[in-house]
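Asks: Predicted model and sequence below, questions to follow.
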Amino acid sequence: MHSDSFDPATERQAVDPDAPQSPSRREFLETTGATVAASTVASFATPAMAQPTDAAAPRTTISVSVNGVRHEIEVEDRWTLAELLRDGIGLTGTKIGCDRGECGACTVLMNGAPVYSCGQLAVWADGAEVRTVEGLARNGELSPLQQAFVVNNAPQCGFCTPGQLMSATALLEATPSPTADQARAALVGNLCRCSNYNAIVEAVVAAGGGGVA
């Protein structure tokens with residue numbers, strides 16, 4: 001009698017009774033899920049974790065102002081600005097995404113200009129004024145831009161949001177009432193893995209008093 005259904009596992013057992021059974025869908029997902037989780041944790045290890053401090057590494061003492069606070073700090077010459085901010089000063093709002101100057105998650109303002117902090121050596125910041133996302137709020141109150149991000153649902157996972165806020169802050173300081181096109185141009189170097197670009201642009205325009213883009 002011919003059957004319209006075909007079960008590969010049953011068919012294989014009929015040919016070779018000793019052949020191992022295929023894993024169930026649940027077993028497959030549990031196995032692959034654990035593998036992906038482990039690789040994700042490894043890929044997001046900070047540079048400081050991946051590269052332990054070397055006592056013999058060349059060091060330089062720099063003076064840098066971060067969010068209005070002056071820091072005299074000794075850094076290894078190989079440290080990036082992102083490492084200095086996160087591991088040297090403890091400002092973890094600046095995120096490290098790609099760690100190769102492509103995604104924009106680590107964007108901060110250095111002397112008023114947005115820069116990828118993962119692509120800047122810490123020693124290059126000697127004498128500079130640096131602003132991070134922690135410096136946007138005042139007296140416990142969010143900045144108008146941060147409030148606009150909340151109202152317009154601009155953050156999704158939030159990992160890339162600090163970099164977007166810093167790029168947008170630079171835009172608003174140079175152009176207080178930007179158009180949607182100007183907002184898009186300013187944020188072209190900030191990727192959003194959640195693809196929430198329209199809401200981000202709307203938030204930037206609204207923060208400038210332009211309403212919905």
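Replies: Arrived safely, thanks for sending. Every value quoted in this text rests on a predicted model; they were computed, and no experiment measured them. Residues are numbered from 1 along each chain as shown.
Asks: can you pull the buried residues of the host helix or strand of Asp181?
Replies: Under the criterion DSSP states H and E, the helix or strand holding Asp181 is helix 180-186. Applying a neighbour-count criterion of 16 or more other CB atoms under 10 Å, one finds Gln182, Ala183, Arg184, Ala186 buried in helix 180-186. (Each C-beta comes from the backbone N, C-alpha and C, glycine too.)
Asks: Am I right that the third one is in contact with Ile200?
Replies: No: taking contact to mean CB atoms under 8 Å, the distance of 9.2 Å between Arg184 and Ile200 leaves them out of contact.
Asks: The residue lying closest to Gly135 once chain neighbours are set aside: neighbouring residues, count only.
Replies: Nearest in space to Gly135, with sequence neighbours left out and distances taken as CB to CB, 6 or more residues apart in numbering, is Asn67 at 3.3 Å. Asn67 is flanked by 17 other residues according to other CB atoms under 10 Å.
Asks: likewise the one 10 residues further on?
Replies: Applying the criterion other CB under 10 Å, we find 11 residues in the vicinity of Asp77.
Asks: Let me see the backbone angles for it.
Replies: Backbone torsions of Asp77, given as degrees, to the nearest 10, read phi -60, psi -20.
Asks: How about the contacts made by the residue lying closest to it once chain neighbours are set aside?
Replies: By the measure of CB to CB, 6+ apart, the closest residue to Asp77 outside its immediate chain neighbours is Pro58, 4.4 Å from it. Pro58 makes contacts with Glu76, Asp77, Arg78, as judged by CB atoms under 8 Å, 6 or more residues apart in numbering.
Asks: Output stretch 107-121 as CSV, restricted to C-alpha atoms.
Replies: Coordinates of each C-alpha in stretch 107-121 appear next as CSV, following Å, rounded to 0.1, in the frame of the first residue of the first chain:
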residue,chain,number,x,y,z
THR,A,107,30.6,57.6,18.9
VAL,A,108,31.6,60.3,21.3
LEU,A,109,32.3,64.0,20.8
MET,A,110,36.0,65.1,20.9
ASN,A,111,36.4,68.9,20.8
GLY,A,112,32.8,69.1,19.6
ALA,A,113,33.2,66.7,16.7
PRO,A,114,31.7,63.2,16.5
VAL,A,115,34.4,60.5,16.4
TYR,A,116,34.5,56.7,16.6
SER,A,117,36.2,56.2,20.0
CYS,A,118,37.3,52.6,19.0
GLY,A,119,39.3,54.2,16.2
GLN,A,120,41.0,56.9,18.3
LEU,A,121,44.1,56.1,20.5
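Asks: who touches stretch 153-163?
Replies: By CB under 8 Å, 6+ apart, the list of residues contacting stretch 153-163 from outside reads 93-95, 97, 103-107, 132-133, 148-149, 164, 190-194, 196, 199-200, 202-203.
Asks: Now do that stretch: distance from first to last residue.
Replies: Length of stretch 153-163, first residue to last, CA to CA, to the nearest Å: 16 Å.
Asks: buried stuff in it?
Replies: Buried residues in stretch 153-163, defined by neighbour count with 16+ other CB under 10 Å: Ala154, Pro155, Phe159, Cys160, Thr161, Pro162, Gly163.
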